[in-house]
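Peer 1: predicted model and sequence below, questions to follow.
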Amino acid sequence: MKQIYPESFISDHGMMSKENTERILSRLHELRERQGIYRFSVSSAWGSDIRWARNRASMTSDRRTVQVMVFCEIAGGGGSAVTNQIDSDSLKGVLQSAERQSLRKADQRAVDIPMELSHVSTIPRTITWSDTTINRTVEESANVVQYATSLAEEQDLLSAGYIESHGMTVGSSSIDIYDRVQQSYSAMTQAQCSSTVRHPQGTASGWAGLARYDFDRIDEKALAAQSMEKCIASLNPVRIEPGRYTTILEPQAVAEFIHPMFDSGDSHPAMRIGGENHGPSNPYFLGRDQSVSRGISKIGLKIVDERITISHDPADSELGILAAPGLGPVTWIDKGVLTGLTYTRDYGLVELNEDSEVHRRMSFRMEGGNTSFDEMIAGTQRGLLISRFYKLRVVDRGSLLMTGVTRDGLWLIEDGKISKAVRNFRINESPLFALNNVEQLGVATPVYRPFPWPELAPLFQQHALSQVIVPPIKVNDFSFTASIDAI
């Protein structure tokens, strides 16, 4: 039996080259013993991070992972298995395990029924790799930690945060019953920095963070300084009455606030068949066509301000998204009009007569304006400025009404200037309502978005890097329902 030696496949950073990934995929092809649909995924990942708290470094780590996933469908039954070993015996074992599962679940009546062919789709070209990120050293990150903690100590404040860098490769292969093969390989890097500064008495807090695929695009020292400045600016907050205020949301707050519009799992309402109460829980549900017992969507209707366009494009050099089959460019909202929703391949084949599907995307770009942040503040007679949110959650699916609290800085604007820090508020608001009440939009900028561990990315390729680019926005009548003491 041909032997594969793991030690010759892994680079110094714990990742596999395209050539070695394809060798493992080819070996899996050779080891198949039955006819059916097969999908293989071979991934490798490296991660390094450093964390600090209370002005002291607390942890550093270096992680390497290899994962092989096998899915097969034989006679209508599906089976899957995973291993972190890449020698021939382990590859054969994981493949046989998936085949055994598939055979146990097989519908024997389906043996003579032609199986559906695996979906063949084009994988878009993406920009997701940075040598700067992969060559990042612990010493470089430690220098940033020393700078951040020294800065805080000079002001008798407490600094905490983390710096992470990751690299990952993912190779996949699909085989149908006619032995037609579709194969892909992607490599990506990820970097992020989060910095929090707090007053020792727990009376003020400031935060700043950023996530990119290229460490050259993150200024960690500037983030440390920004978090300290926000902490100082949020000292001695005053209590004001809740109500509806003209509100400026920083880009970070915008990203967190509109996130449920893209992370809700809402599919095309026309896919929701049966269940009278099922459709209205979808915010993009317009009504029900009783003649075919199927939902009607709001596609083609204006749902937000006409200046807003929200899209996802794997070829966007700023987003840096890991490509995968079925994850091409899509525009969700075009100049305020809903133009796209997720749907399955079955829906595409039956309803659209197209061999297509649209997955959820955690990465997106929101465009719409060019008003500067200073101009927004200068044009506000009385209002509030939100730095970010904490624990936002949807309380009504149909309207996307959310509740949560402001965090790490809330300020009162009076006569075109930031006048004082304000105690945090609980909000009850819907992004659909707020985006219909927009007064001004700024220039879109990247923000911080935590991402799943790279080791999990082969399971959720479309979520591997959830980069978001959004503008600051100024909205009217934003709803604040209660003052809270937390900072």
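Peer 2: Arrived safely.
Peer 1: list the contacts of the residue nearest to residue 284 when sequence neighbours are not counted.
Peer 2: Spatial nearest neighbour of residue 284, excluding adjacent residues (C-beta to C-beta, 6 or more residues apart in numbering): residue 298 at 4.9 Å. (Glycine included, C-beta is placed from N, CA and C.) Residue 298 sits next to 284-286, 338 when contact means C-beta atoms under 8 Å, 6 or more residues apart in numbering.
Peer 1: can you check residue 62 too?
Peer 2: Residue 62 neighbours (C-beta under 8 Å, 6+ apart): 46-48, 138.
Peer 1: strands paired with the host helix or strand of residue 167, and their directions?
Peer 2: In the assignment (DSSP states H and E), residue 167 maps to strand 158-175. Counting by DSSP bridges, the strands paired with strand 158-175 are strand 37-53 (antiparallel), strand 181-198 (antiparallel).
Peer 1: three-state assignment of residue 257?
Peer 2: Residue 257 falls in the helix class when you classify it by DSSP: H, G, I helix; E, B strand; the rest coil.
Peer 1: isn't it up against residue 389?
Peer 2: Yes - counting by C-beta atoms under 8 Å, residue 389 is a contact partner of residue 257 at 6.4 Å.
Peer 1: which one of the two has more residues nearby?
Peer 2: With neighbours defined as other C-beta atoms under 10 Å, residue 257 and residue 389 compare such that residue 257 has more, 26 against 22.
Peer 1: check what pLDDT residue 379 gets.
Peer 2: pLDDT for residue 379: 95.
Peer 1: next: residue 61.
Peer 2: 88.
Peer 1: what strand or helix carries residue 244?
Peer 2: Per DSSP H and E, residue 244 falls inside strand 243-249.
Peer 1: list the buried residues for that strand?
Peer 2: By neighbour count with 16 or more other C-beta atoms under 10 Å, strand 243-249 contains the buried residues 245-249.
Peer 1: what of stretch 192-205?
Peer 2: 192-199, 204-205.
Peer 1: what of stretch 137-156?
Peer 2: 141, 144-145, 148-149, 151-152.
Peer 1: just the ones of those in helices?
Peer 2: Taking DSSP state H, the ones among those that sit in helices are 141, 144-145, 148-149, 151-152.
Peer 1: tell me which of those residues is nearest to residue 186?
Peer 2: Of all those, residue 186 sits closest to residue 141, with 25.7 Å by C-beta to C-beta.
Peer 1: got any ranges where the stretch 201-350 of the chain has weak pLDDT?
Peer 2: 263-280, 290-294, 322-327 (pLDDT under 70).
Peer 1: residue ranges for the helices of it, please.
Peer 2: Applying DSSP state H, counting those that start in this stretch to the stretch 201-350 of the chain gives helices spanning 220-233, 251-258, 345-351.
Peer 1: buried deepest among the ones you listed, which one?
Peer 2: helix 251-258 (a mean of 24; mean count of other C-beta atoms under 10 Å).
Peer 1: ok, residues contacting that one?
Peer 2: 209, 249, 366, 386-389, 392, 402, 429, 431, 434-435, 442, 444-445, 447-449, 468, 470-473.
Peer 1: and if you look at stretch 143-154?
Peer 2: For stretch 143-154, the surrounding residues in contact (C-beta under 8 Å, 6+ apart) are 50, 52, 55-57, 158-159, 161, 163, 193, 195, 197, 220-221, 224-225, 228.
Peer 1: now residue 213, what are its backbone angles?
Peer 2: With angles defined as degrees, to the nearest 10, residue 213 sits at phi -90, psi -10.
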